[in-house]
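A.B. asks: Sequence and predicted structure below; questions after.
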Amino acid sequence: MTSLPEKTDKKLGLVIDLDTCVGCHACVISCKEWNTQGYGAPLADMDAYGAHPEGSFLNRVHSFEVTPDEGPSAVVHFPKSCLHCEDAPCVTVCPTGASYKRAEDGIVLVNESDCIGCGLCAWACPYGAREMDPSEQVMKKCTLCVDRIYNDNIPEEDRVPSCVRTCPAGARHFGDLGDPDSDVSRLVAERGGMDLMPEQETKPVNKYLPPRAKDGLGETDVLAPYLDPVTEEADGFVGWLDRALSRI
Amino acid sequence: MHPAPSLIIFTTLSGLGFGLLAWLGAGALVPTGWVGFVFYALGYGLAGAGLVTSAAHLGHPERALKAFTQWRTSWLSREAVLSVGALLLMAPHAAGSVFFATPLPVFGWLGAVFCVATVFATSMIYAQIRAVPRWHHWTTPALFLAFALSGGALLSGQITAAALLLALLAVVMVLHWHFGDRRLAEAGSTPETATGLGFMGRVRLFEPPHTGANYLLREMVHVVGRKHAVKLRVIALLGAAVLPALVLAALPASHLAAGLAIALHGVGLMASRWLFFAEAEHVVGLYYGRR
């Protein structure tokens, strides 16, 4: 049913640390690798070895340049995937009931055998989290690796989303954001975790941790004043040239 | 948004078809026999062709029947239910008029209400989408309804009503552009809110996540169609509303004058609907440094 659950028992989601992300795209690759096998239709690549390769991905990393009023710009790497919103507009627009949000853990999923590929859910999402698979013509989105996190057949440390498991910088965290005492909730509280586009009123579950303030450049060295150029005026030929030209 | 030909053809044809059927159902015109056959064939043909074209937009048209199930939450599902309801409810009235010279006004009126409701549901598919601020406004249903009712009036030869509705249509078109041009700014979504990084400074895309195209860019970040927006607005306004109204006022009532007015209206309607999609900015473009 495409109505949203009144409340979910858990709010499973990701916390992404923009201070730590190095923009290596390892999460993009591991996501594609895990999710192209097993759950649902594979994530297709079209024209993979041709002039215009493209494919469906559930997670992509943008890089932004942020320019303050004063001082140097900063580059922020910005991974983006489904935010598993509490008021997910992608769910209620679905005409077939293929798109749904689970009452038990809040994960937003697509039942691919009910998806007619109309694309309306992708239009309804402000974040671009849903992509139509170019080969299967059904809507693909982040499942929070629902086939890993409850999977008793894999080692316990692997029971997290593939992107979280693979991140070499530890910039991605997974947990229950509905439990105020969970590690992820405490992290969000400590670091001032934020919502993307709050004005869209989707109430995203995933949170982003803002980059920490960087050290200022300030004085580069306490000895700097003693390193002023000693020679005030040039001598020799250059000095003569300087004086001659100054007189003209 | 990508102005997909299937969507433009679907919304324009079905709008005209349901508009015509609404006027026929409401009894503004009670044609019987062969004349009735032509009118109802036109109405059913336009509405039906529109619905078939819309199925061409689907990735899996063979599962289209599932789209009738979620009418409690989904405007797209409501549109499917209402459109079939309208065509079925209108059928006794149409068959009675054409084959037995016996109109059944109860079915006609019910069908007319469902026809208007179908057009409203179509418009709400777009108007409900907050991520496209230009659409998320009352002028979207107003525009679709004004087009359907004025086009239906033209097709059913309601000269006075058509002239008044065309004037109304012109006003609604201008209002849709007037408010639409401000909607993105009013929505308050910017690269700064999209990334949450506004507290650090101005945000600009430094490197996109992929060098090639993808579904999002093709479907929602379509900027090519806006190149001739001003010219197309003039064509849409003159073609859809101003010129047909002048034709109705200046030329004596005849099939030729009606045909000319309808042809002009059709051209303007296509231009308007192209702009409706092409000019609509989806906020996901903010993540790609485009609008």
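C.D. replies: Alright, I've got the coordinates. Keep in mind that what you see is a predicted model, and the values were worked out from it rather than measured. Numbers count the residues shown, from 1 in each chain, chains lettered A, B, ... in the order given.
A.B. asks: what packs against the helix or strand hosting residue B:10?
C.D. replies: Following DSSP states H and E, one finds residue B:10 within helix B:5-25. With contacts defined as 3 or more CB pairs under 8 Å, 6 or more residues apart in numbering or on different chains; DSSP states H and E, the secondary structure elements packing on helix B:5-25 are helix B:33-56, helix B:75-100, helix B:105-127, helix B:139-155, helix B:255-278. Where C-beta positions appear, they are placed from N, C-alpha and C, glycine not excepted.
A.B. asks: distance between it and the chain's centre?
C.D. replies: In terms of CA atoms, centre = their mean, to the nearest Å, the gap separating the centre of helix B:5-25 from the centre of its chain is 8 Å.
A.B. asks: Determine which residue lies closest to the centroid of chain A.
C.D. replies: residue A:79 (1.9 Å; CA atoms, centre = their mean).
A.B. asks: pretty sure it is in contact with residue A:21, am I right?
C.D. replies: Yes: with contact defined as CB atoms under 8 Å, residue A:79 counts as touching residue A:21 (6.2 Å).
A.B. asks: Find residues that contact each of the two.
C.D. replies: With contacts taken as CB atoms under 8 Å, 6 or more residues apart in numbering or on different chains, residue A:79 and residue A:21 have A:61, A:171 as neighbours in common.
A.B. asks: what's the neighbour count on the residue of chain A found nearest chain B?
C.D. replies: For chain A, the nearest residue to chain B under the criterion CB to the nearest CB is residue A:117, separated by 2.0 Å. When counting by other CB atoms under 10 Å in any protein chain shown, one arrives at 19 neighbours for residue A:117.
A.B. asks: now do the one 4 residues further on
C.D. replies: As a burial measure, the neighbour count of residue A:121 was computed by other CB under 10 Å and equals 27.
A.B. asks: any idea which helix or strand carries residue A:173?
C.D. replies: Residue A:173 belongs to strand A:172-176 when assigned by DSSP H and E.
A.B. asks: Next, the buried residues of the helix holding residue B:10.
C.D. replies: Buried residues in helix B:5-25, counted by 16 or more other CB atoms under 10 Å in any protein chain shown: B:7-25.
A.B. asks: Can you say which of the helices and strands packed on helix B:5-25 is nearest to chain A?
C.D. replies: Relative to chain A, the nearest member of those by CB to the nearest CB is helix B:75-100, separated by 3.9 Å.
A.B. asks: what about the closest one, average pLDDT?
C.D. replies: When the per-residue pLDDT values of helix B:75-100 are averaged, the result is 95.
A.B. asks: now it, how far from the centre of its chain.
C.D. replies: Distance of helix B:75-100 from the chain centroid (CA atoms, centre = their mean) equals 19 Å.
A.B. asks: now it against helix B:33-56, angle please.
C.D. replies: Angle between the axes of helix B:75-100 and helix B:33-56 is 160 degrees (criterion: axes from the mean of the first three to the mean of the last three CA atoms, to 10 degrees).
A.B. asks: what helices or strands is helix B:75-100 leaning on?
C.D. replies: Applying 3+ CB pairs under 8 Å, 6+ apart, we find helix B:75-100 packed against helix B:5-25, helix B:33-56, helix B:105-127.
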